[in-house]
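Student: Curious how this folds, go ahead:
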Amino acid sequence: MKHKMMIVDDSEISRARIAKLATRSITTPVQVVAQAGDGEEALIFGQQHHPNLVTMDLTMPRLDGVSCIIQLTRMLPQTRILVISALTAKSVALAAIRAGAHGFLYKPFTDEQFDEWLHEVVA
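Tutor: Okay, here's the model as predicted:
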């Protein structure tokens, strides 16, 4: 089964890197169905594409990551969300987990760290 992933990040460079890593995974077949530049776009694309995997930045214009996670988990309760953020405050990570995220990866991250999360989350 191919997993449907949505990438949410205001950085086009970050979105491109995550998409490249996700689609090259041999152990976990992934199709990137949407890429959103902010939380509001993510809610629209989530409704349209019903991804079962989401990577989520936290600091974005219009709608931040934690607020988006809260709304996405209501809309798509089975979706697994990985926060990928440069914010290192433990309180921010805890807020994201409490909101419904299933993991936290700090930027910068290695290809191996991303692969580990991807494999774990679908196992």
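Student: so where do the helices sit in this structure?
Tutor: Ranges of helices in the chain, per DSSP state H, are 12-23, 39-49, 65-75, 90-99, 111-122.
Student: quick one: Asp10 from Leu94, how far?
Tutor: With distances taken as CB to CB, to the nearest Å, Asp10 is found 22 Å from Leu94. Every residue, glycine included, has its C-beta placed from N, CA and C.
Student: whoops, I mixed them up, Met6
Tutor: Relative to Leu94, and taking CB to CB, Met6 is found at 23 Å.
Student: residue contacts, the residue positioned nearest the centre of the chain?
Tutor: Per CA atoms, centre = their mean, the C-alpha nearest to the average position across the chain is that of Thr55, at 0.9 Å. Residues in contact with Thr55 (CB atoms under 8 Å, 6 or more residues apart in numbering) are 5-9, 18, 22, 81-84.
Student: Highest neighbour count among these?
Tutor: Val8 (33 neighbours; other CB atoms under 10 Å).
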